[in-house]
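Peer 1: Predicted model follows, preceded by the sequence.
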Amino acid sequence: MEVIKGEIDGLLIFQPRVFTDNRGYFFESFNQEKFNQLTGLDIQFCQDNESLSNKNVLRGLHFQKPPFAQGKLVRVISGKVLDVAVDIRKSSATYGKYQLVELSSENKKIFWIPPGFAHGFLVLEENTVFSYKCSNYYSPESEGTIKWNDKDLNIEWPISNPNVSEKDNVGEDFVNFVSLFE
């Protein structure tokens, strides 16, 4: 498995080795020991989530506040998304910066987003299945949302009018956001 360092410190993209033949393909999508070895982290994932979305659905920008902060290991099982991680670590040199990564069932990339990042994605194909491995349990009272179209973040989404939930449409403006992440 190849590990590519993200444009922002802490973000990692994994490109697994895929074995194909006339029957189809096989690849190892997760191995706890290899993940810890490749990242130098000692993370134990405790919750898996999966979503099904149609084209032009935008989800995010979500995060869990400490002490329920979550790291997410995300990938697309079927379809394609434009995934984004926004640095919300207030002492980081890249605070408020973001990285976009295309994840698809074809490229099989896996994206590690550690605690201290807001996360979202735009669905680029119908019936896209998105998978999340989380490093902490979901806590509704610890959930935070920053507006997906925040003018200060200025994320380069390739769409002007996505299908967005009411919760995501009324997320917090980044200018008013007070980060609890160091």
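Peer 2: Done, it's in. What you see is a predicted model, and the numbers here were worked out from it, not measured in a lab.
Peer 1: so how far is the longest helix seen in the chain off the chain centroid?
Peer 2: Ordering each helix of the chain by length in residues (DSSP state H) puts helix 32-39 first. Once both centres are worked out by Cα atoms, centre = their mean, to the nearest Å, helix 32-39 turns out to sit 18 Å from its chain's centre.
Peer 1: quick one: buried residues of that helix?
Peer 2: For helix 32-39, the buried set under the neighbour-count rule, 16 or more other Cβ atoms under 10 Å, comprises 35, 39. Bear in mind the C-beta positions are built from the backbone N, C-alpha and C, glycine included.
Peer 1: which other helices and strands contact it?
Peer 2: Applying 3 or more Cβ pairs under 8 Å, 6 or more residues apart in numbering; DSSP states H and E, we find helix 32-39 packed against strand 12-15.
Peer 1: Could you list everything the residue most central in space within the chain pairs with in the sheet?
Peer 2: Nearest to the mean C-alpha position of the chain, counting by Cα atoms, centre = their mean, stands residue 119 at 4.7 Å. Beta-bridge partners for residue 119, by DSSP bridges, are residue 62, residue 85.
Peer 1: Heading C-terminal from the longest helix of the chain, find the next helix or strand.
Peer 2: Downstream of helix 32-39, the first helix or strand assigned by DSSP states H and E is strand 47-53.
Peer 1: buried stuff in that next one?
Peer 2: Across strand 47-53, burial judged by 16+ other Cβ under 10 Å covers residue 53.
Peer 1: repeat for stretch 13-32
Peer 2: Across stretch 13-32, burial judged by 16+ other Cβ under 10 Å covers 13-14, 16.
Peer 1: so how far is the first residue of that stretch from its last?
Peer 2: Stretch 13-32 stretches 16 Å from its first residue to its last (Cα to Cα, to the nearest Å).
Peer 1: What of stretch 4-17?
Peer 2: With Cα to Cα as the measure, stretch 4-17 spans 14 Å from end to end.
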